[in-house]
Each structure stands twice: as C-alpha cells, then as structure tokens.
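In: Give me a 3D structure for the following:
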Amino acid sequence: MERQHVKRLYRSAFEPVILSAIAGGGQVTLRWIGTPNDSNYNLYVTTDSGRYDASPTVTVAGTYYTYVGLDNGVTYYFTVTAGQLGEESAPSNEVSATPRRESVLRR
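Out: Numbering: from 1, shown residues only. Presented below is the predicted three-dimensional model:
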C-alpha cells in the first residue's frame, strides 16, 4: 500500500488569534495572540476569502508583522498558524484589511 504524504497538524491548547489588521498605504500591520512554546508563526495571505495556498506567505518569529507591497484598494484576507518542529496548529480566525493611499493634509 502506498503512503500518502499528509501535513501533520499538532494539537495546541489553542490556536493563534488575530487581534488586529491595520491598513496603511500599501501595507497591513497584523497583531495576534501567540500560543505557548511555539517557535514561529506562518502567515497566509489571499485576495479570495478562505482560499489560501498550502505554503505560508511568510514565516515570522514574533506575534506581529507588517506586510508591505500591497495594492491600495484591494481587500486582503489573513490567517496565521503556529509552527513547532515542522508541524502547524489549526489556523486562526480570518481577518481582512484594505490598504488605502495615505491622505495628505494641505494648508
């Protein structure tokens, strides 16, 4: 019988929870609650709610990240997983943000 390769999900006491997604000009800053003993976090980004690539967009060590180089006026969706020893937790909640061109005040 042929074995299939399946990404293993480890069981965590809880999954990460995204607290905020603050959009700026061409960027979004995300902050989330981490999970105990996790070594990294995998951030997934898409423009189609709920449809993420199998590979993370970026892996970070902390519990915040500013994603730059985004198109203004486009809505982006984000989720994050906790990583530990090559395995991932279940995904966090999904949040969205739409970067906008920063306004300039004129006198």
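In: in the chain, which spans are strands?
Out: Taking DSSP state E to define them, one finds strands in the chain at 17-24, 27-33, 40-46, 58-60, 64-68, 76-84, 87-88, 95-97.
In: Mean pLDDT lowest where, among those?
Out: In terms of mean pLDDT, the lowest-scoring of the strands of the chain is strand 87-88 (a mean of 84).
In: one step back: so which of the strands of the chain has the densest surroundings on average?
Out: Among those, ranked by average contacts under mean count of other Cβ atoms under 10 Å, first place goes to strand 76-84 (a mean of 22). (Each C-beta comes from the backbone N, C-alpha and C, glycine too.)
In: Would you give the sheet partners of that strand, along with the direction of each?
Out: Here strand 76-84 is paired, per DSSP bridges, with strand 40-46 (antiparallel), strand 87-88 (antiparallel), strand 95-97 (antiparallel).
In: Any chance of CSV for the strands of the chain, columns distance to residue 52?
Out: Formatted as CSV, the strands of the chain follow (distance: least, Cβ to Cβ, whole Å):
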stretch, distance to residue 52
strand 17-24, 14
strand 27-33, 14
strand 40-46, 4
strand 58-60, 13
strand 64-68, 14
strand 76-84, 7
strand 87-88, 12
strand 95-97, 13
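In: about what we covered before: dump the strands paired with strand 76-84 into a markdown table; add distance to residue 68 as well.
Out: As requested, these are exported to a markdown table (distance: least, Cβ to Cβ, whole Å):
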| stretch | distance to residue 68 |
| --- | --- |
| strand 40-46 | 12 |
| strand 87-88 | 24 |
| strand 95-97 | 13 |
